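In: when you get a sec, could you give me coordinates for this:
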Amino acid sequence: MQQLPYDKNLPIEKLAACFKNTTATYKFYWLLSIIEALEDGFKTQTTIFSKHDIFARMVSNAWYTVNYFHVSFGKQDNLQTAINTIKYSEGLTVDADKKEILKTLSQTENNKTKNILASLNNNVPHWFLSPWFPGEKNPKNIYIQSKKYPFYCPYILDKDFITVDILWANYFLNNAAIIKSFCFWKLSLFLQAKNPNVPDIANKLIKPASRNSLTKQRKFWDIVLDELGSVNCIYTKREMTKGDFAVEHFVPYNFVSHDLMWNLIPADKSFNSSKSDKLPSMNKYFDSFFNLQQTAIKIVSEKEPRNKSLEDYLTILPELNNLGTDDIKKKFRDTIQPLITIAANNGFEYL
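Out: Below you'll find the predicted structure:
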């Protein structure tokens with residue numbers, strides 16, 4: 001079990017207590033954003049930060065998880081509500097760059113955006129300090145007490161800004177990587193409980209620097225096209241030949257976050273771009289999808305029986321050679337249908 005680094009001068013157990021019995025995501029993103037602000041202000045030794053800046057960082061840190069992967073924070077989560085509102089008030093794309101989001105929100109003159117960020121002040125800054133002032137129910141008293149105990153709680157609260165205590169600032173900076181890892185670990189556990197059927201939550205917390213190349217998967221389908229000459233796109237029916245297709249995720253990558261062969265097929269390039277993260281109708285497309293997959297398994301198994309990509313199918317099929325067509329089709333359907341249903345329930349739209 002991962003733990004926070006010990007410091008003999010600070011009550012680290014109170015910091016750890018912030019993440020016990022958590023009912024919303026704001027504590028994770030608040031601490032992550034404070035550490036990022038300290039890292040950005042390191043050269044100038046800045047420890048005073050506007051709440052607006054920290055709130056903007058919270059939104060930018062959670063943006064990709066909410067908008068791109070459609071991970072639910074819970075119906076009552078104020079941060080998710082803020083993100084959904086800001087997406088429209090600022091016209092930002094679902095996969096906008098984190099720095100772009102932060103810059104936009106830090107400099108915004110949009111009153112709707114300002115108000116939704118300010119609404120985070122109703123709970124976030126003072127309730128995070130609850131372990132330092134147990135039993136205190138009045139936010140005003142937490143503000144007052146945060147100024148009375150130097151070196152005790154991580155920051156002093158003021159109306160529009162916080163001042164991070166210098167001992168805590170050094171602790172956060174010296175242990176930034178470990179503390180961030182701790183936050184993401186706790187956050188992934190929290191979100192997995194909120195999204196029990198959503199795969200790979202841990203890899204949906206941070207926007208990857210780049211998507212994996214699909215070169216290996218394209219070579220797999222090249223083997224099929226070398227044998228058949230061409231195949232028809234299951235969506236547009238356009239005939240495709242080797243070198244003239246896109247490798248397409250049947251269940252969107254944004255949901256499954258993997259590139260396993262059993263979810264990948266060749267598709268019309270122009271359609272693949274427009275499909276984006278939309279879901280295919282099982283009634284309309286599954287049979288064609290399965291027939292193409294079955295044909296590919298047969299051809300590659302015969303032409304290149306040691307092809308590593310065939311191993312991807314073993315994650316849903318116990319073996320490739322001794323199952324009847326109906327058995328294989330059922331395995332595919334039983335794997336894909338729940339994913340489509342859960343993705344739809346999480347906000348992914350159908351074609």
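In: can you tell me the SS state at Thr163?
Out: Classification of Thr163 by DSSP: H, G, I helix; E, B strand; the rest coil places it in strand.
In: let me fix that: Ala24
Out: Three-state call for Ala24 (three-state DSSP): coil.
In: spatially nearest residue to it (excluding sequence neighbours)?
Out: Excluding its sequence neighbours, the residue lying closest to Ala24 (C-beta to C-beta, 6 or more residues apart in numbering) is Asp77, at 5.1 Å. Where you see a C-beta, it was placed from the backbone N, CA and C, and this is true even at glycine.
In: give me the number of residues near that neighbour?
Out: Counted with other C-beta atoms under 10 Å, residues neighbouring Asp77 total 18.
In: how close does Ser119 get to Asp244?
Out: Computed as C-beta to C-beta, to the nearest Å, the Ser119 to Asp244 distance reads 51 Å.
In: whoops, I mixed them up, Lys207
Out: 31 Å.
In: please apply the same query to His126.
Out: From His126 to Asp244 the distance is 59 Å (C-beta to C-beta).
In: follow-up on the earlier one: show me which of Lys207 and Asp244 is the more surrounded one.
Out: More crowded of Lys207 and Asp244, by other C-beta under 10 Å: Lys207, with 16 against 13.
In: let me see the contact set for the more buried one.
Out: Neighbour list for Lys207: Tyr64, Tyr68, Asp95, Asp97, Lys98 [criterion: C-beta atoms under 8 Å, 6 or more residues apart in numbering].
In: just the buried ones from the residues you listed, in PyMOL syntax?
Out: The buried residues among those can be selected in PyMOL (16 or more other C-beta atoms under 10 Å) with this line:
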select buried, resi 64+68+98
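In: with respect to Ser33, which of the contacts of Lys207 is nearest?
Out: Distances from Ser33 to these, taken as C-beta to C-beta, are shortest for Lys98 (11.4 Å).
In: number of nearby residues for the residue nearest to that closest one when sequence neighbours are not counted?
Out: Using C-beta to C-beta, 6+ apart and skipping residues adjacent in sequence, the residue nearest Lys98 is Ser60, 5.0 Å away. Neighbours of Ser60 under the rule other C-beta under 10 Å: 25.
In: now do the contacts for Ser60.
Out: Lys98, Lys99, Ile101, Leu102, Leu105.
In: again, 10 Å this time
Out: For Ser60, the contacting residues are 29, 33, 36, 83, 92, 96-106, by C-beta atoms under 10 Å, 6 or more residues apart in numbering.
In: quick check on the residues you listed: which are buried?
Out: Tyr29, Ser33, Glu36, Ile83, Leu92, Ala96, Lys98, Ile101, Leu102, Thr104, Leu105.
In: angles on the backbone of the fifth one, please.
Out: Going back to what we said before, that points to Leu92. phi -80, psi 150 (degrees, to the nearest 10).
In: so which of the contacts of Lys207 belong to helices?
Out: Tyr64, Lys98 (DSSP state H).
In: of the contacts of Lys207, closest to Tyr6?
Out: The nearest one, if we look at the contacts of Lys207 relative to Tyr6 and count by C-beta to C-beta, is Lys98, at 31.1 Å.
In: how close does that closest one sit to Pro139?
Out: With C-beta to C-beta as the criterion, Lys98 and Pro139 are 30 Å apart.
In: buried residues in the helix or strand of the chain with the lowest mean pLDDT, which are they?
Out: Lowest by mean pLDDT, DSSP states H and E among the helices and strands of the chain is helix 269-275, with a mean of 88. Across helix 269-275, burial judged by 16+ other C-beta under 10 Å covers Phe271, Asn272, Lys275.
In: using PDB, write out every CA atom in that helix.
Out: What follows is helix 269-275, C-alpha atoms only, in PDB (Å, rounded to 0.1, in the frame of the first residue of the first chain):
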ATOM      1  CA  LYS A 269     -10.300   6.500 -44.000                       C
ATOM      2  CA  SER A 270     -12.700   9.400 -44.300                       C
ATOM      3  CA  PHE A 271     -15.400   7.600 -42.300                       C
ATOM      4  CA  ASN A 272     -12.800   6.700 -39.600                       C
ATOM      5  CA  SER A 273     -12.100  10.400 -39.100                       C
ATOM      6  CA  SER A 274     -15.800  11.400 -38.800                       C
ATOM      7  CA  LYS A 275     -16.700   8.400 -36.600                       C
END
